[in-house]
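Asks: Here is the input, now give the coordinates:
(one chain, ligands or ions: 2)
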Amino acid sequence: MKTILGMMVVASVVSAAYAADMEAGKAKASAVCAACHGPNGVSVSDAIPNLAAQRTGYLEAQLKALKDGSRKNPVMNAIATQLSAEDIANVAAYFAAQPGAVASAKSTFLPNLAKTGVTFPEGYQSSFTKYHTVNFPATRQVRYYFGNKAAVAAAKAGKTLPDGSMLFVEVHSAKVDAENKPVMGGDGFLVADKLLFYTAMARDAGWGKEFPDMLRNSDWNYAVFTTDKQHRPGANQAECLACHKPLDKVSYLFTLKQLAEAK
Ligand code: HEC
Ligand code: HEC
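Replies: Ligands and ions are numbered 1, 2, ... in the order given. Here you go, the predicted model:
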């Protein structure tokens, strides 16, 4: 009993030490969190939780766990590591104070984060280098990775990828056998069946300047294309930026090593 009382005293002293700054919380929420959770904590998609009307203590605890990595999510880990203890208290207080919404309510994407400079690279099959393949047995996909000349040359020279670089990925469904298992080819890669969509990242001067620092990847922009080469509606560039953000030492690429070894 003594111990429990002692802990309660400590907890109230700690929470009293910092009075949350709602205005600062709102500013951070509008510039960064809004891209996924909406400006008022009503999120932009089914895969992203609403934060409106959630309890302050719960929001703080989750942000701390996402910051120290005990709760794992690549997108939120990348964001939470950039939040100070004060930021966490401020955004938690702000979102907790927002009115809850009906389950069907959704916020729209932030216009500055929805805008991308990436266009479909016509003729990439002949002008780009195919440098990598990855199997995704769980989702029954196989992905082929292509880099343009500027990207391959810089990677080979051990340089930061310059403006004009582009990486392009074909995402295919894998062929399945009679038991619905993905079929492995003789080369160790799943056999491609149908092209599903493309993902891309490219950079050029000034392309990142409208993104908040917490999400910005230098001047890289991202895009998803449908098989008829159109921007795929519903792709949230903020998620691409958040997950690739920690890779600033390797030109924001997960596959820089493979690109440098391209034949
Ligand atoms: C790029 C999209 C994105 C941005 C930007 C973003 N979040 Fe998240 N957030 C997510 C996703 C996705 C999840 C769900 C994580 C999971 O499944 O574990 C999440 C989960 C959370 C949770 C846990 C909610 C729960 O119900 O457990 C909190 C709290 C949170 N985010 C706060 C923030 C704050 C504060 C910011 C701004 C500083 C922010 N997020 C910015 C995508 C984002
Ligand atoms: C959850 C983390 C995550 C998110 C979100 C994410 N990526 Fe990636 N991305 C990866 C990983 C990991 C790889 C390396 C291999 C793979 O899984 O394809 C990668 C690879 C890539 C590559 C090949 C170049 C490289 O970095 O190695 C491109 C292009 C790319 N992603 C585009 C996108 C686009 C466009 C989006 C948003 C629609 C996006 N990514 C969102 C994790 C992520």
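Asks: Now do the same for residue 1: its pLDDT.
Replies: pLDDT for residue 1: 45.
Asks: actually residue 176, not the one I typed
Replies: Looking at residue 176, the pLDDT reads 95.
Asks: With residue 18 instead?
Replies: For residue 18, the model assigns a pLDDT of 75.
Asks: interface residues of this protein facing ligand 1?
Replies: 28, 32-33, 35-37, 48-49, 51, 59, 62-63, 73, 75-76, 79, 83, 91, 238-239, 242 (CB under 6 Å from any ligand atom). Where C-beta positions appear, they are placed from N, C-alpha and C, glycine not excepted.
Asks: Could you count how many residues lie near residue 186?
Replies: Residues lying near residue 186 (other CB atoms under 10 Å) number 6.
Asks: which stretches of the stretch 101-250 of the chain form strands?
Replies: For the stretch 101-250 of the chain, strands defined by DSSP state E, counting those that start in this stretch occupy the ranges 129-136, 141-147, 166-174, 192-203, 220-225.
Asks: Get me the contact residues on the stretch 51-200 of the chain for ligand 2.
Replies: So the stretch 51-200 of the chain meets ligand 2 at 74, 75, 134, 143, 145, 167, 169, 199, 200 (CB under 6 Å from any ligand atom).
Asks: Out of those residues, which comes closest to residue 105?
Replies: Taking CB to CB as the measure, residue 105 lies nearest residue 75 of those, at 21.5 Å.
Asks: and the gap between the closest one and residue 35?
Replies: 11 Å (CB to CB, to the nearest Å).
Asks: Could you find the closest non-adjacent residue to residue 87?
Replies: residue 28 (6.1 Å; CB to CB, 6 or more residues apart in numbering).
Asks: In the residues of the stretch 51-200 of the chain next to ligand 2, find the pair that's most separated.
Replies: Counting by CB to CB, the most remote pair of those is 75 and 145, 21.1 Å apart.
Asks: Which one's more surrounded, these two?
Replies: It is residue 145, of residue 75 and residue 145, that has more neighbours when counted by other CB under 10 Å, with 22 against 19.
Asks: Excluding chain neighbours, give the residue nearest to that one in space.
Replies: Closest to residue 145 by CB to CB, 6+ apart is residue 132, at 3.9 Å.
Asks: And the pLDDT for that neighbour?
Replies: 98.
Asks: Is residue 70 in a helix, a strand, or coil?
Replies: Secondary structure assignment for residue 70 (DSSP: H, G, I helix; E, B strand; the rest coil): coil.
Asks: neighbours of it, just the number please.
Replies: For residue 70, using other CB under 10 Å, the count is 8.
Asks: Distance of it relative to residue 64?
Replies: From residue 70 to residue 64 the distance is 8 Å (CB to CB).
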